[in-house]
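A.B. asks: Pasting the sequence and the predicted model now:
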Protein chains: 2
Amino acid sequence: MTTLAQTKKTGNIRAQSQHKILIAASTEFVLQGYKGATVQSIADRAELPKANILYYFKNKENIYQAVLEHTLEMWDEGIGDIDPSEGPKAAIEKFIDAKVRMSFNYPEASKIYAMEIIQGAQHLKEFARTYQRKWVREKAKLFQQWIDNGEMANVDPVHLIFLIWSSTQHYADFETQILTIMNRADYEEDDVETVINFLTDLILRGCGLK
Amino acid sequence: MTTLAQTKKTGNIRAQSQHKILIAASTEFVLQGYKGATVQSIADRAELPKANILYYFKNKENIYQAVLEHTLEMWDEGIGDIDPSEGPKAAIEKFIDAKVRMSFNYPEASKIYAMEIIQGAQHLKEFARTYQRKWVREKAKLFQQWIDNGEMANVDPVHLIFLIWSSTQHYADFETQILTIMNRADYEEDDVETVINFLTDLILRGCGLK
DNA sequence: CTAAAAACTTACTATTTGGTCAACATTTAT
DNA sequence: ATAAATGTTGACCAAATAGTAAGTTTTTAG
């Protein structure tokens, strides 16, 4: 996360503090929810006085908005794009791979986003919503062409995207439950690969690509 | 929801009030989260004075516990059991069918549960967790036998359960996002069947059962 | 009909919390 | 070096909230 530029260079006290606050706030929002996360608890976690938090962010709502934006940016970068020329098999493989790695590497981002949606996307700005609609529509069209060309089985592309979305995200959002069921304390190195292999295998076969 | 018995028969003012409170509380907890849902907001939604709420439930934590219990009970009834004699195809079909219908008919239950898990299952009692572990282990064993008998493809049974779990639950939890993407205001009658057909088709094929 | 039990309600309190403010400290540019 | 800009902080406040106490009304059982 922390890249070279922001590590020490003078003049970016602001950037450093804001970053520290965002990280702490993310954790608090996941653990306690929007209302349950207090400015004080965020301050404690960031090891800064409360008034300092409110010097950098006008109010709690603004902190949350910043967290949401940060989350969506990361998400967007991480997912990458589907290259129409590569065909359905590679496209699905890459999509699953990227999403599973995101889930395991940034579970908090996934959780914050999930909670926001479950609660009705009350804080999510309109542009973020329409952006997603466009994204899904565009990718679905691509899959539909492959289907029409007989390159894969006739499965509804939109629901296929939902399936990949949900099954991958699940490992982040339901981490607690999954670990309980597996009787483990934490995920381990191999788990990422296991999940990628399992999902890729089953979904490709489900799409008639194996 | 409201069954015959509790509709009027005298002597169950308590049951009726508690039920009304539980329904209102469920909605509030989904919309505002645990901390964000206030006793007053629950009271308003239930159309009862706040003190009356606290007459029936000692405190907010107790209301939430009751909501969680109620949710898990419903869930448990709705899912039904897998009959070992029916084979993998029927088992998966029935499981998907039940879970999708639950998601569409009781999205709130699914949402409350999802939020609880995402936030680390802080309020969920130990017995509920171990119960789930047992459930999954038991079903997984069944699938494993079918695999060993060559009745279905060699897919990890535990991850298969996770996949069905997540992909079905998604239609409840991410309702808001799905509707936005589909550019719709509400789910419609046909949607349940469409989803069941899509998921059953893809997953069965993914398991080498088609 | 009556008395006990259950249900309901009003008024209040202690605590928590988001946010402000004014003073103080440090950093930056000239 | 110095002043302007930026950053830091403790003290404070008004509003919101969970929960209580103590009384009144309604329901139930004999």
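C.D. replies: Noted; the coordinates are in hand. Not measured: the values here are computed from a predicted model.

A.B. asks: Could you use CA atoms for every contact and neighbour count after this?
C.D. replies: Noted.

A.B. asks: Chain neighbours aside, what residue packs nearest to the residue in chain A that chain B sits nearest to?
C.D. replies: Residue nearest to chain B within chain A (CA to the nearest CA): residue A:206, separated by 4.0 Å. Excluding the flanking residues, the one nearest residue A:206 by CA to CA, 6 or more residues apart in numbering or on different chains is residue B:206, at 4.0 Å.

A.B. asks: what sits against the one you found?
C.D. replies: A:201-207 (CA atoms under 8 Å, 6 or more residues apart in numbering or on different chains).

A.B. asks: go again using 10 Å as the cut-off
C.D. replies: Taking CA atoms under 10 Å, 6 or more residues apart in numbering or on different chains, we find residue B:206 in contact with A:199-210, B:152-153, B:155, B:160, B:200.

A.B. asks: tell me what the helix or strand in which residue A:144 is found is packed against?
C.D. replies: If you go by DSSP states H and E, residue A:144 is part of helix A:126-148. With contacts taken as 3 or more CA pairs under 10 Å, 6 or more residues apart in numbering or on different chains; DSSP states H and E, helix A:126-148 sits against helix A:87-105, helix A:157-173, helix B:175-182.

A.B. asks: what's the angle between the helix or strand that contains residue A:200 and helix A:87-105?
C.D. replies: According to DSSP H and E, residue A:200 maps onto helix A:189-206. Orientation of helix A:189-206 against helix A:87-105 (axes from the mean of the first three to the mean of the last three CA atoms, to 10 degrees) gives an angle of 150 degrees.

A.B. asks: who's in contact with the closest residue to residue A:79 other than its chain neighbours?
C.D. replies: Distance criterion CA to CA, 6+ apart; nearest residue to residue A:79, sequence neighbours excluded, is residue A:98 at 5.6 Å. Shown in contact with residue A:98 (CA under 10 Å, 6+ apart): A:75, A:78-80, A:92, A:168, A:196.

A.B. asks: Distance from stretch A:30-42 to the middle of the chain?
C.D. replies: 20 Å (CA atoms, centre = their mean, to the nearest Å).

A.B. asks: Between its first and last residues, how far does it reach?
C.D. replies: 12 Å (CA to CA, to the nearest Å).

A.B. asks: Assign a three-state SS to residue A:152, would you?
C.D. replies: Secondary structure assignment for residue A:152 (DSSP: H, G, I helix; E, B strand; the rest coil): coil.

A.B. asks: For stretch A:78-90, buried residues please.
C.D. replies: Using 16 or more other CA atoms under 10 Å in any protein chain shown as the test for burial, stretch A:78-90 gives A:79, A:82, A:88-89.

A.B. asks: Residue A:53: which of the helices and strands packed on helix A:126-148 is closest?
C.D. replies: helix A:87-105 (26.7 Å; CA to CA).

A.B. asks: what element comes up after that closest one heading to the C-terminus?
C.D. replies: Next along from helix A:87-105, by DSSP H and E: helix A:107-118.

A.B. asks: re the thing from before, for the helix holding residue A:144, which positions count as buried?
C.D. replies: By 16+ other CA under 10 Å, the buried positions in helix A:126-148 come out as A:129, A:133, A:136, A:139-140, A:142-144, A:146-147.

A.B. asks: shouldn't residue A:164 be in contact with residue A:100?
C.D. replies: Yes. Under the criterion of CA atoms under 10 Å, residue A:164 makes contact with residue A:100 at 9.5 Å.

A.B. asks: which one of those two has more residues nearby?
C.D. replies: residue A:100 (26 against 22; other CA atoms under 10 Å in any protein chain shown).

A.B. asks: wait, what's in contact with the closest residue to that one other than its chain neighbours?
C.D. replies: Leaving aside its sequence neighbours, residue A:100 sits nearest to residue A:168 (CA to CA, 6+ apart; 5.2 Å). By CA under 10 Å, 6+ apart, residue A:168 lies in contact with A:95-104, A:162, A:195-196, A:199, B:162-163, B:166-167.

A.B. asks: and with 7 Å instead?
C.D. replies: A:99-100, A:103 (CA atoms under 7 Å, 6 or more residues apart in numbering or on different chains).

A.B. asks: Up against DNA strand D, what does chain A have?
C.D. replies: For chain A, the contact set with DNA strand D under CA under 7 Å from any atom of the strand comprises A:11-14, A:17, A:48-49, A:51-52, A:55.

A.B. asks: I'd like these laid out as JSON lines, including pLDDT and neighbour count.
C.D. replies: Converted to JSON lines, the residues of chain A next to DNA strand D look like this (pLDDT from 0 to 100; neighbours: other CA atoms under 10 Å in any protein chain shown):
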{"residue": "A:11", "pLDDT": "55", "neighbour count": "9"}
{"residue": "A:12", "pLDDT": "85", "neighbour count": "13"}
{"residue": "A:13", "pLDDT": "87", "neighbour count": "13"}
{"residue": "A:14", "pLDDT": "93", "neighbour count": "11"}
{"residue": "A:17", "pLDDT": "96", "neighbour count": "15"}
{"residue": "A:48", "pLDDT": "98", "neighbour count": "15"}
{"residue": "A:49", "pLDDT": "98", "neighbour count": "13"}
{"residue": "A:51", "pLDDT": "98", "neighbour count": "12"}
{"residue": "A:52", "pLDDT": "98", "neighbour count": "12"}
{"residue": "A:55", "pLDDT": "98", "neighbour count": "9"}
